[in-house]
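Novice: Pasting a predicted model and its sequence here:
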Amino acid sequence: MRQLDGAYGEGGGQIVRTALSLAALLEEPVRLVNIRGGRAKPGLRPQHLTAVKALAQVTQAEVEGAVPGGRELTFRPHRPRGGRYFFDVAELTGSAGSVTLVAQTLLPVLLRAPVPSSITIRGGTHVAWSPPAHYFMEVFLPALAELGVNAAMTLQRWGWYPRGGGEVRLTVAPAPSWHGRDFLTAPRFSAFRALSAGSRVPSHVITRQARRLQQRLGEALPVTTLEVTAQDPGSLVFLWGPGAGFHALGARGKPAEQVADEVAEEFLHFQAREAALDRHLADQLLLYLALAQGPSVFITEAVTSHLLTNLWVIEQFLGLGFEVRGNPGERGIISCRGGGSHLTSG
């Protein structure tokens with residue numbers, strides 16, 4: 001049985017997600033130890049547990065160690081099954097754990113299922129330390145579509161910290177294979193748009209967020225303002241275009257202008273690097289490019305420890321070599337020859 005150290009590199013939940021996805025794709029058992037050993041609160045958190053249990057249901061896996069705070073996990077998957085599923089991150093703990101991190105774990109496996117899938121996930125849709133639902137819908141999935149992957153997400157209900165209660169629906173069409181692609185051209189600013197949204201906050205907060213973002217980046221930037229319904233108060237600024245997305249969340253005592261400033265600073269940093277992919281999308285696409293038919297190469301704004309750790313996990317399963325040109329924290333060029341032949345037949 002393959003064993004991986006969950007404290008390797010940045011030592012976070014991405015090791016769990018990528019390892020379990022690959023184990024399911026290859027129908028190989030895996031054992032994880034020192035899970036999230038690089039975090040202040042190590043072990044499995046609610047969103048990780050939901051991802052484990054969701055993937056276990058989809059693959060009829062035998063699982064040992066799937067408990068809150070668990071530091072070791074054994075996962076023995078079988079062939080994935082498509083269909084209709086419902087998963088609730090808050091089922092056990094009432095947590096606003098991220099729905100997108102659960103979707104991130106399930107998606108590559110559902111692509112190998114013999115029939116289409118419709119997955120409803122309840123929890124936090126716009127919460128800290130995870131991509132918001134809008135990033136998944138507007139940046140990540142469109143990038144996958146360029147590889148030939150057909151998947152879509154709809155936001156049914158918003159969910160903020162602490163109670164979550166949001167809901168998304170992910171639909172996935174089977175994909176026996178997909179192709180590699182080069183991402184080398186920086187997106188034009190004219191292709192970007194933005195959203196300023198909030199629930200249970202004064203309407204002027206949403207307006208001020210939008211106004212500040214246009215003051216920082218230009219009045220020509222299209223910004224949509226939106227009041228939404230959710231269990232808890234919260235606000236969001238989200239800016240996106242081809243290959244890149246940037247967001248910030250409001251908080252009690254945090255000025256609306258600061259929320260917009262955080263997004264503007266991230267975008268300006270990205271723009272100055274003349275990269276094709278933001279640092280998060282580069283990390284999220286790695287698994288799909290590694291499994292693609294044919295080579296890929298992309299330019300990212302930064303070679304992060306998260307990206308390097310994810311590369312390491314993929315290489316443990318596939319034996320693929322990635323070429324990384326660029327020092328940690330700097331603009332980087334990443335290339336991969338693709339290893340679609342490693343996938344099992346559907």
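Specialist: Great, that's in hand.

Novice: Might you list the low-confidence residue ranges for this structure?
Specialist: Within the chain, the segments meeting pLDDT under 70 span 92-94, 340-346.

Novice: Domain boundaries for it, per the record?
Specialist: Listed by automatic domain parsing, the domain ranges of the chain are 2-183+277-342, 189-270.

Novice: and stretch 66-75, how far apart are its ends?
Specialist: With Cα to Cα, to the nearest Å as the measure, stretch 66-75 spans 9 Å from end to end.

Novice: Could you do stretch 28-42 as well?
Specialist: For stretch 28-42, the end-to-end distance is 25 Å (Cα to Cα).

Novice: So what touches that stretch?
Specialist: Here stretch 28-42 makes contact (Cβ atoms under 8 Å, 6 or more residues apart in numbering) with 1-7, 9-13, 15-16, 19-20, 22-23, 43-45, 48, 69-77, 317. In this view, the C-beta of every residue, glycine as well, is placed from N, C-alpha and C.

Novice: related to what we said a few turns ago, redo the domains of the chain as JSON lines? Include mean neighbour count.
Specialist: As requested, the domains of the chain are exported to JSON lines (neighbours: other Cβ atoms under 10 Å):
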{"stretch": "domain 2-183+277-342", "mean neighbour count": "20"}
{"stretch": "domain 189-270", "mean neighbour count": "18"}
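
Novice: Do a quick rundown of the strands in the stretch 101-250 of the chain.
Specialist: With strands called from DSSP state E, counting those that start in this stretch, the stretch 101-250 of the chain shows them at 117-123, 151-157, 166-172, 182-183, 193-199, 223-227, 234-241, 244-249.

Novice: Please write out the alpha-carbon positions of the longest helix that the chain contains in CSV.
Specialist: Longest helix in the chain, counting residues (DSSP state H): helix 256-273. The C-alpha trace of helix 256-273 is given here as CSV (Å, rounded to 0.1, in the frame of the first residue of the first chain):
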residue,chain,number,x,y,z
ALA,A,256,-15.6,48.2,3.0
GLU,A,257,-12.7,50.0,1.4
GLN,A,258,-10.2,47.6,2.8
VAL,A,259,-12.0,44.7,1.3
ALA,A,260,-11.8,46.3,-2.1
ASP,A,261,-8.1,47.3,-1.5
GLU,A,262,-7.1,43.7,-0.8
VAL,A,263,-8.5,42.6,-4.1
ALA,A,264,-7.0,45.5,-6.0
GLU,A,265,-3.5,44.8,-4.5
GLU,A,266,-3.7,41.1,-5.4
PHE,A,267,-4.7,41.9,-9.0
LEU,A,268,-2.0,44.6,-9.5
HIS,A,269,0.6,42.1,-8.2
PHE,A,270,-0.6,39.5,-10.7
GLN,A,271,-0.7,42.0,-13.5
ALA,A,272,2.9,43.1,-12.9
ARG,A,273,4.1,39.5,-13.2
